[in-house]
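Asks: Give me coordinates for this.
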Amino acid sequence: MKTKTIFSFIFLFGILLFSNSTYAQKIGNTPTDDLGNVTDEFQENFFEALKQKGIENYELALEALRKAEVSAKGNEENKAAVYFEMGKNLFQLKRFEEAETYFNKVLSWDSNRKEVLEALYDVHYEEKDYKAAILLVKKLIEYDSDYKEDLANLYNRSKQYDKALELLDELDVEWGESNYRNALRNQIYRVTGNTSEAINKLEEKIDKNPKSEQEYLNLIFLYSDEGNSKKAFKTAKELLKQKPNSKLVHLALYKYYLEENNIKDAVNSMNIVFTTEEIEKESKIKVLEDFLISTKKNPSFKAEIKSVIPSALSNDDSHIYLLLGDFYLSEGNKEEALQYYLNGIEKDPDNYGLLKNTILLQIEVEQYQQASELSLQGIEIFPAQPLLYLTNGVANNHLKNADIAIETLEEGLDYLFDNPKMEYDFYQQLSIAYQLKGNNKKVKIYNKKASELTVSNQKTDN
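Replies: Below you'll find the predicted structure:
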């Protein structure tokens with residue numbers, strides 16, 4: 001009776017999931033206070049082990065589990081629970097061989113337990129024993145088809161490239177296009193260096209099935225990777241002819257339209273990219289970057305930038321605001337740039353690039369109060385970034401807040417490592433702050449520090 005109560009409690013809290021019908025029936029009827037009446041050592045040691053593992057004291061957890069193993073005596077269910085926990089703790093300690101031994105002990109009791117198979121798969125993967133990992137993943141696929149992607153990755157890692165590519169193609173047909181699978185496929189093409197054969201195979205597949213979007217996309221990538229932009233563009237246009245509603249093809253088309261100075265079609269392709277959910281954010285950001293770079297090479301594109309912005313901003317990604325801010329700043333439009341930076345910070349206050357650019361621009365346009373407030377917020381998020389202390393000091397010097405400037409600047413010096421240029425700026429700002437206070441002695445000290453730093457730099461340059 002006591003053993004069953006203990007094991008049902010383990011199941012209830014999701015610790016092991018080794019259940020059978022008898023235990024499952026008991027869960028609903030087991031009073032929790034009955035556990036307190038159990039006097040044997042197994043429960044005490046087992047739950048002490050769980051507590052220690054929860055606070056990452058894996059060695060102490062193992063000690064408690066060894067005691068629990070002894071007190072479990074002949075009870076196979078409780079021993080299985082102990083061995084599973086031992087394996088998990090040993091895995092955390094990177095003692096993979098020992099962890100494998102204990103997981104196999106559990107599997108000798110129940111060879112198809114999914115949780116243990118998953119744990120043992122992690123061990124084989126860390127040990128780079130891909131042959132053993134493949135056998136386990138094939139079992140796990142019976143429980144969860146998502147493991148098919150793991151199998152493709154394992155084929156790649158074990159250099160079974162043909163099997164990997166075949167499985168990736170099957171998954172594309174079954175599940176649709178995936179960025180992960182595309183990246184894995186492209187990695188295989190690069191490693192094998194056999195893009196010609198890959199191209200031939202893809203062309204054969206397209207001949208047999210001209211409606212296969214993924215095959216066209218893979219072929220476009222290979223042509224692009226070879227530097228054959230003409231064939232890549234031709235393939236993209238052929239895909240568009242076969243599938244006029246394709247969204248993904250525009251990830252390729254916009255580039256070629258830009259190269260041809262076909263502004264109208266380039267903008268149309270980019271708007272499609274930005275507004276479709278099939279394309280992930282990272283790709284959309286890359287599209288915007290390419291577009292902005294093109295406007296520098298071809299000023300005639302600048303008139304079209306505003307037509308792209310609404311769809312670009314619909315992605316709500318702070319990096320897009322940074323790109324647009326940088327673009328307008330490079331154009332000399334500081335007001336527009338600052339607005340994009342501020343909008344980006346509102347979306348993502350933890351974006352250091354946005355924060356830095358915004359504060360520097362606020363100082364440049366003499367918005368010192370705003371720069372002081374924003375740099376102070378930045379220090380709370382990035383307390384080890386010396387530039388934030390420096391900009392806060394600059395802003396407060398302009399606001400005649402000498403005491404605040406001194407306090408912030410002196411604190412910021414503690415985070416300054418091997419950056420003579422910024423160190424010089426700190427000393428200059430401290431000199432200004434003490435000048436505001438009328439403390440000429442301190443002014444001379446910091447002017448001297450700055451001067452010595454300049455002399456030292458000149459010697460180094462020589």
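Asks: what's the host helix or strand of Ala198 packed up against?
Replies: Assigned by DSSP states H and E, Ala198 belongs to helix 195-208. On a contact count with 3 or more C-beta pairs under 8 Å, 6 or more residues apart in numbering; DSSP states H and E, helix 195-208 meets helix 179-192, helix 213-226. C-beta here means a position set from N, CA and C on the backbone, and glycine is covered the same way.
Asks: try it again with 6 Å
Replies: Helix 195-208 sits against helix 213-226, with contacts defined as 3 or more C-beta pairs under 6 Å, 6 or more residues apart in numbering; DSSP states H and E.
Asks: In this structure, what helix or strand scores lowest on average pLDDT?
Replies: Sorting the helices and strands of the chain by mean pLDDT, DSSP states H and E puts helix 21-27 at the bottom, at a mean of 28.
Asks: Put the alpha carbons of the helix or strand that Leu117 is a member of into PDB.
Replies: Assessed by DSSP H and E, Leu117 sits inside helix 114-126. Provided in PDB are the C-alpha atoms of helix 114-126 (Å, rounded to 0.1, in the frame of the first residue of the first chain):
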ATOM      1  CA  LYS A 114       9.100   8.000 -24.500                       C
ATOM      2  CA  GLU A 115      10.500  10.300 -21.800                       C
ATOM      3  CA  VAL A 116      13.500   8.000 -21.300                       C
ATOM      4  CA  LEU A 117      14.100   7.600 -25.000                       C
ATOM      5  CA  GLU A 118      14.100  11.400 -25.400                       C
ATOM      6  CA  ALA A 119      16.600  11.700 -22.500                       C
ATOM      7  CA  LEU A 120      18.800   9.000 -24.000                       C
ATOM      8  CA  TYR A 121      18.700  10.700 -27.400                       C
ATOM      9  CA  ASP A 122      20.000  13.900 -25.800                       C
ATOM     10  CA  VAL A 123      22.900  11.900 -24.400                       C
ATOM     11  CA  HIS A 124      23.800  10.300 -27.700                       C
ATOM     12  CA  TYR A 125      23.600  13.700 -29.400                       C
ATOM     13  CA  GLU A 126      25.900  15.300 -26.900                       C
END
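Asks: show me where pLDDT drops low in this structure?
Replies: 1-39, 177, 179, 194, 315-316, 455-462 (pLDDT under 70).
Asks: Which residues does the helix holding Leu117 contact?
Replies: Outside helix 114-126, the residues that touch it by C-beta atoms under 6 Å, 6 or more residues apart in numbering are 17, 96, 99-100, 103, 106-107, 132-133, 136, 139-140, 143.
Asks: will you turn these into TSV that also has neighbour count, secondary structure and distance to Lys241?
Replies: Shown next, in TSV, are the contacts of helix 114-126 (neighbours: other C-beta atoms under 10 Å; DSSP: H, G, I helix; E, B strand; the rest coil; distance: C-beta to C-beta, whole Å):
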residue	neighbour count	secondary structure	distance to Lys241
Leu17	13	coil	53
Phe96	18	helix	53
Ala99	24	helix	55
Glu100	20	helix	54
Phe103	28	helix	54
Val106	26	helix	57
Leu107	18	helix	54
Ala132	15	helix	48
Ala133	24	helix	43
Leu136	22	helix	45
Lys139	15	helix	45
Leu140	19	helix	42
Tyr143	12	coil	43
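Asks: May I see these arranged in TSV, with distance to Leu453 as well?
Replies: Below are these laid out as TSV (distance: C-beta to C-beta, whole Å):
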residue	distance to Leu453
Leu17	64
Phe96	52
Ala99	55
Glu100	58
Phe103	60
Val106	64
Leu107	66
Ala132	60
Ala133	56
Leu136	61
Lys139	65
Leu140	61
Tyr143	65
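Asks: Against Tyr161, how distant is Ser178?
Replies: Distance, Ser178 to Tyr161, by C-beta to C-beta, to the nearest Å: 18 Å.
Asks: do the same with Lys421
Replies: 50 Å.
Asks: Ala80 too?
Replies: Taking C-beta to C-beta, one finds Ala80 at 39 Å from Tyr161.
Asks: more crowded one of those two?
Replies: Ala80 (22 against 17; other C-beta atoms under 10 Å).
Asks: ok, the more buried one to Gln92 distance?
Replies: 19 Å.
Asks: try Asn104
Replies: The gap separating Asn104 from Gln92 is 18 Å, by C-beta to C-beta.
Asks: show me the contacts for the residue nearest the centre of the chain.
Replies: Nearest to the geometric centre of the chain sits Glu282, at 11.1 Å (C-alpha atoms, centre = their mean). By C-beta under 6 Å, 6+ apart, the contact list for Glu282 is empty.
Asks: Three-state assignment for it, please.
Replies: Following DSSP: H, G, I helix; E, B strand; the rest coil, Glu282 is assigned to helix.
Asks: got it, and the one 3 residues further on?
Replies: Using three-state DSSP, the secondary structure recorded for Ile285 is helix.
Asks: Same check on Glu277?
Replies: coil.
Asks: How about stretch 297-316, which residues are buried there?
Replies: If you call a residue buried by 16 or more other C-beta atoms under 10 Å, then stretch 297-316 has these buried ones: 301, 304-305, 308, 311-313, 315.
Asks: and which of the residues you listed is nearest to Asn397?
Replies: Leu313 (35.7 Å; C-beta to C-beta).
Asks: quick check: domain ranges of the protein?
Replies: 1-144, 247-315, 324-365, 371-462 (automatic domain parsing).
Asks: measure Glu380 to Pro349 for me?
Replies: 10 Å.
Asks: who has more neighbours, those two?
Replies: Pro349 (15 against 9).
Asks: From Leu374, how far out is the nearest residue to the more buried one once chain neighbours are set aside?
Replies: Excluding the flanking residues, the one nearest Pro349 by C-beta to C-beta, 6 or more residues apart in numbering is Ile381, at 6.7 Å. According to C-beta to C-beta, Ile381 and Leu374 sit 11 Å apart.
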